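**Student:** Sequence plus predicted model, see below.
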Amino acid sequence: MSKRLSYKNDYRLEKAPLSIKQYFHLIFLIALISLMMIPVVATGVYAVSGDWSQSILPESWTIKWLLEIWTQERFLWACFYSLVLCIGSAILSIILIFPVLLIVHTSKPQWQRWINFILILPFTVPPIVASISILDLYSGILGSKIGTTFILIGCYFTIVLPFVYRSLDNNFRAIGVKDLIESANLLGASTPQIIAYILLPNLKPGFIVAFFISIAFLIGEFVYVNILIGGHFETIQTYLFNLKNQSGHLSSAVVISYFCILIIITAFINGFSNSQIMRKK
């Protein structure tokens, strides 16, 4: 009987009318989102417009700009190079940060304050300053495409270091790594077995979230790519920069394609996070 009453009360609470303050917050949020979406919608309309010179709305509609972009070999190579750089940087970050976090959470918790200081450094050094310094320091290596790729992945690692570390650190704290390792040691498990069969499966959500956050953040990076790469190859951002003076329709098509890629990545992260929360409940 008490359970039924609690369910009814919960249902009534969920269906309770919004207060004036909540209505104000809702209206403000809708207005803010609408204001932020105006440039995106305008860019999307221009990307699928034909003739547009004598009226508020386009006089004709077409998808030839999107088709031209996605059938252009130059754009596809730019997408490929962007994904290679982003995926390589994300994997490198996870591989390097995982053992550091394992040591911090098991034997060296005093390292945490020094690591917190290191995590702030990428935000204190402007990318333009860092890229010029790297250009002077590694000028010999940056002459080849392979050397440029490795240097750029290293720069990307410094950019996503705080995000990857915090994502994995939260996962480490949530599962209680130290208690899991001590319990496994009491049962006779070796260190490789603990990492392979206990830690990695439990840290899988943190790995996935850190991976896709890194890609979503790095795919829009422009300063390092523009200064360090030079004329070796193009990424999505440098391709868009070189295209801006050629055709506004094509530039809009690239921007909308880039925006859709970010939406897909964000939706995947949110969906995966919500599924993990539901499993815990």
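**Tutor:** Done, it's in.
**Student:** only C-alpha atoms for contact and neighbour calcs from this point on.
**Tutor:** OK.
**Student:** shouldn't Phe222 be in contact with Tyr239?
**Tutor:** No. With the criterion set as Cα atoms under 8 Å, Phe222 and Tyr239 do not qualify as a contacting pair; they are 10.3 Å apart.
**Student:** Pick out whichever of those two has more residues nearby.
**Tutor:** Tyr239 (18 against 15; other Cα atoms under 10 Å).
**Student:** And the more buried one, which helix or strand is it part of?
**Tutor:** Using DSSP states H and E, Tyr239 falls within helix 236-243.
**Student:** For that helix, buried residues please.
**Tutor:** Neighbour counts over helix 236-243 (16 or more other Cα atoms under 10 Å) mark Ile236, Gln237, Thr238, Tyr239, Leu240 as buried.
**Student:** Please report the distance of the second one from Ile87.
**Tutor:** This points to Gln237. Using Cα to Cα, to the nearest Å, one gets 16 Å for the distance from Gln237 to Ile87.
**Student:** what do you get for the last one?
**Tutor:** Distance check for Leu240 against Ile87: by Cα to Cα, it reads 20 Å.
**Student:** Might you report the residue contacts of the nearest residue to Tyr224 once chain neighbours are set aside?
**Tutor:** The spatial neighbour of Tyr224 that comes closest, neighbours along the chain excluded (Cα to Cα, 6 or more residues apart in numbering), is Ser131 at 5.7 Å. Contact partners of Ser131, counting by Cα atoms under 8 Å, 6 or more residues apart in numbering, are Val223, Tyr224, Ile227, Leu228.
**Student:** could you dump the helix or strand harbouring Ser131 to PDB, C-alpha only?
**Tutor:** Secondary structure here is read from DSSP H and E; on that basis Ser131 sits in helix 127-137. Coordinates of each C-alpha in helix 127-137 appear next as PDB, following Å, rounded to 0.1, in the frame of the first residue of the first chain:
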ATOM      1  CA  PRO A 127      48.600  28.000 -29.100                       C
ATOM      2  CA  ILE A 128      50.100  30.600 -31.300                       C
ATOM      3  CA  VAL A 129      53.100  31.000 -28.900                       C
ATOM      4  CA  ALA A 130      53.500  27.300 -28.500                       C
ATOM      5  CA  SER A 131      53.300  26.600 -32.300                       C
ATOM      6  CA  ILE A 132      55.900  29.200 -33.100                       C
ATOM      7  CA  SER A 133      58.300  27.800 -30.500                       C
ATOM      8  CA  ILE A 134      57.700  24.300 -31.800                       C
ATOM      9  CA  LEU A 135      58.300  25.500 -35.300                       C
ATOM     10  CA  ASP A 136      61.700  26.900 -34.300                       C
ATOM     11  CA  LEU A 137      62.700  23.900 -32.200                       C
END
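**Student:** Would you check the distance separating that helix from the middle of the chain?
**Tutor:** In terms of Cα atoms, centre = their mean, to the nearest Å, the gap separating the centre of helix 127-137 from the centre of its chain is 24 Å.
**Student:** pLDDT averaged over that helix - what is it?
**Tutor:** The predicted model gives helix 127-137 an average pLDDT of 78.
**Student:** What are the buried residues along whichever helix or strand comes after that helix?
**Tutor:** Per DSSP H and E, the first helix or strand lying C-terminal to helix 127-137 is helix 145-175. The neighbour-count check on helix 145-175 (16+ other Cα under 10 Å) flags 147-169, 171-172 as buried.
**Student:** pLDDT weak spots in the stretch 151-281 of the chain?
**Tutor:** Flagging of the stretch 151-281 of the chain using pLDDT under 70 yields the residue ranges 230-231, 272-281.
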